[in-house]
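In: here is a sequence together with a model predicted from it:
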Amino acid sequence: MSHSVSRRRFVKSASAAAGLGCLAPYWVAGAEAPAASFEAKNDRPLVAAIGVGGRGLYDTKLASRFGDIVAVCDADLERAEQAREALGGKAAVFQDYRKLLETRPDIDVIINGTPDHWHTAVNVAACRAGKDIYTEKPLTLTIEEGKILRQVVRETGRIVQVGTQQRSAPHFRTACELVRNGRIGKLRQVAVLLPFYSYKGGPFATQPVPPKLDWDFYQGQAPERPYCRERTHFSFRFWSEYGGGKITDWGQHHMDIAFWGMGLEDSGPLEVEAKGFYPNHGKPDAYDNSDRFTARMKFPGDIDVYFLVVRDGKYLKSMADGDMTVEEDAELFAGMPEAWRTEQRDGVMFIGDKGRLFANRGKAYGKAVEELPENPLPADAVRLYESNDHMGNFFECVQSRKQPISTVDTAHRVITACHLGNVSMHLNRAVRWDPEKERVVGDAEAQNSIYVHRQQRKPYTIEA
């Protein structure tokens, strides 16, 4: 059977399966949706995974419900070999994704689970190689990377689903529909509340590079640094060379729901003023991203957004352990409404002039939700894109060529707001933003921040 015929059968069979296999939210209920029912084994699309650490391997296992995993790739060859065994022991192993893309034209789909500083380069290359992509968040390392990726996706017509899977949870969709339909009145404020975990650590000593790790390749566009294991795998996100820290890592999830509820997915903040706390206080060879922050943002429609890490039990314990003084905590929360100083739940709170509604990974809460069974939304209500399985939605869109629920266009706008929080944090002043021109207003230093664009190490530069 030819590959083109196989794809036509995939289109037919996956379309039918999407209506059945995407009913249960896999990450909320904990139950996997059934795999697509295909006419023959080789009707299934061929999938390659690039970046197969913890989250990348998890995503790839989800993708295996809908496609055949035929290749895995990681700069850490040991991780790639472990992933192959975890996925059945049959996938080809690569250490350089460029060789994978060059030598495997048969592959249909890429699962991108690389560290943040590699997201854009891999996504751009995969689009240009004619692949559809499920990519982990945060979408980009800088605002300019987002503009490049958006341009490439539009030019190539590829399907790209961003891994902000909360959009595929029915209760988040319900919450946003209630807000968009005025069930809490005119929206006045939104609080985007992130959970705390500590970035305290370092200085770290230089260590021998593991024999199966290509350390130069792992660093990619980032500045060349001596190897220590703390720069790799889960803790890469604690370093500014490789990620934006908590504000982008978790921020893209909850800020995405805020944008959805506000109906501002093609816009962005007008002003951002943020403060961050850096637990290692500028020590060399130590984690250098902030692990807690507070930010106030002004959005179109006169909506105030409060964006912060909540003072939950872990946060308070870190203070008790001496990681942060009472004075530092007070300075961080100065100017924040008392409600957000005492709130310990992470999630998204929408506040209107007639009520409020809160949603997190547990459920949606509030009078508007409680009253919905007796007072359903009318037939002409605003309805949002419905997906109940994020990975299933992606594969459905691969076959239908319709846009997925979490597009690059929207995710770029969301992560831009998070990047601007980092810009303000590092400059210790408010930053004004023009969401139409996508430029900082009247502040050349802010426009040239590393979170807007940065120098990239050759030969790993990303080109439009």
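Out: The structure has been received and is ready for your questions.
In: contacts, neighbours, all on C-alpha from now
Out: Fine.
In: and the residue nearest to residue 237 when sequence neighbours are not counted, helix, strand or coil?
Out: The shortest distance from residue 237 to any residue that is not its chain neighbour, by Cα to Cα, 6 or more residues apart in numbering, is 4.9 Å, and that residue is residue 243. In three-state terms, and counting by DSSP: H, G, I helix; E, B strand; the rest coil, residue 243 is coil.
In: report the separation between residue 243 and residue 339.
Out: Applying Cα to Cα, to the nearest Å, one obtains 30 Å for the distance of residue 243 from residue 339.
In: those two: which is more packed in?
Out: Using other Cα atoms under 10 Å, the more surrounded residue of residue 243 and residue 339 is residue 243, with 24 against 9.
In: C-terminal to the helix or strand encompassing residue 418, what's the next element?
Out: Here residue 418 is covered by helix 408-427, with elements defined by DSSP states H and E. Using DSSP H and E, the next helix or strand after helix 408-427 towards the C-terminus is strand 431-434.
In: OK, contacts around the nearest residue to residue 323 once chain neighbours are set aside?
Out: Across the structure, with Cα to Cα, 6+ apart as the measure, the residue nearest residue 323 apart from its sequence neighbours is residue 279 (6.5 Å). Residues touching residue 279, when contacts are defined by Cα atoms under 8 Å, 6 or more residues apart in numbering, comprise 199-200, 290-291, 323-324.
In: with adjacent residues omitted, what lies nearest to residue 76?
Out: With Cα to Cα, 6+ apart as the measure, residue 213 is the residue that lies nearest to residue 76, at 4.3 Å, once sequence neighbours are left out.
In: residues contacting that neighbour?
Out: Remark: with contacts taken as Cα under 8 Å, 6+ apart, residue 213 is in contact with 75-78.
In: ok, it to residue 462 distance?
Out: Relative to residue 462, residue 213 is positioned 22 Å away (criterion: Cα to Cα).
In: cool, and residue 151?
Out: Taking Cα to Cα as the measure, residue 151 and residue 462 are separated by 13 Å.
In: helix/strand/coil for residue 70?
Out: Recorded secondary structure, residue 70: strand (three-state DSSP).
In: need the residue closest to the centroid of the protein.
Out: Of all residues in the chain, the one closest to the mean position by Cα atoms, centre = their mean is residue 137, 2.3 Å from it.
In: surely it touches residue 251?
Out: No - proximity of residue 137 to residue 251 does not meet the contact threshold set by Cα atoms under 8 Å, at 9.7 Å.
In: quick one, what contacts the residue lying closest to residue 408 once chain neighbours are set aside?
Out: When the adjacent residues along the chain are set aside, residue 408 lies closest to residue 150, with 6.1 Å between them (Cα to Cα, 6+ apart). Taking Cα under 8 Å, 6+ apart as the contact definition, residue 150 lies against 408-409, 412.
In: any regions of this protein where pLDDT drops low?
Out: For the chain, residues meeting the criterion pLDDT under 70 lie at 1-42.
In: phi, psi for residue 216 please.
Out: The phi and psi torsions at residue 216 (degrees, to the nearest 10) take the values phi -60, psi -40.
In: burial of it, as a residue count?
Out: Neighbouring residues of residue 216 were enumerated by other Cα under 10 Å; the total is 15.
In: is it true that it touches residue 226?
Out: No - with contact defined as Cα under 8 Å, residue 216 does not count as touching residue 226 (9.8 Å).
In: kindly check the end-to-end length of stretch 131-151 for me.
Out: Start and end residues of stretch 131-151 are separated by 16 Å (Cα to Cα).
In: cool, and stretch 101-120?
Out: The first residue of stretch 101-120 is 15 Å away from its last residue (Cα to Cα).
In: centre of the chain to that stretch, how far?
Out: In terms of Cα atoms, centre = their mean, to the nearest Å, the centre of stretch 101-120 is found 16 Å from the chain centre.
In: if we can go back for a sec, can you tell me how far the residue nearest to residue 76 is from residue 261?
Out: Summarising the geometry, the distance separating residue 213 from residue 261, computed by Cα to Cα, is 43 Å.
In: per-domain residue ranges of the protein.
Out: 3-167, 169-384+408-447 (automatic domain parsing).
In: winner for burial among the ones you listed?
Out: domain 3-167 (a mean of 21; mean count of other Cα atoms under 10 Å).
In: ranges for the helices of the stretch 1-150 of the chain?
Out: Using DSSP state H, counting those that start in this stretch, the helices assigned to the stretch 1-150 of the chain run over residues 3-21, 26-29, 54-63, 77-86, 97-103, 116-128, 143-156.
In: tabulate the ones you listed in CSV, adding columns for distance to residue 318.
Out: Rendered in CSV, the data for the helices of the stretch 1-150 of the chain read as follows (distance: least, Cα to Cα, whole Å):
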stretch, distance to residue 318
helix 3-21, 43
helix 26-29, 29
helix 54-63, 26
helix 77-86, 32
helix 97-103, 40
helix 116-128, 26
helix 143-156, 32
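In: out of the ones you listed, which gets nearest to residue 365?
Out: The minimum distance between residue 365 and the helices of the stretch 1-150 of the chain falls on helix 26-29, with 15.8 Å, by Cα to Cα.
In: spit out the contact partners of residue 165.
Out: Contact analysis of residue 165 by Cα under 8 Å, 6+ apart lists 253, 390.
In: quickly list what residue 275 is bridged to.
Out: Listed by DSSP bridges, the beta-bridge partners for residue 275 are residue 294.
In: does it touch residue 431 like I think?
Out: No - the pair residue 275 and residue 431 fails to qualify as a contact (Cα under 8 Å) at a distance of 11.9 Å.
In: re earlier: quick one: the residue nearest to the centre of the chain and residue 328, what's the gap?
Out: In this structure, residue 137 lies at 30 Å from residue 328, with Cα to Cα as the measure.
In: isn't residue 223 right next to residue 239, touching?
Out: No - with contacts counted by Cα under 8 Å, residue 223 stays clear of residue 239, the gap being 11.6 Å.
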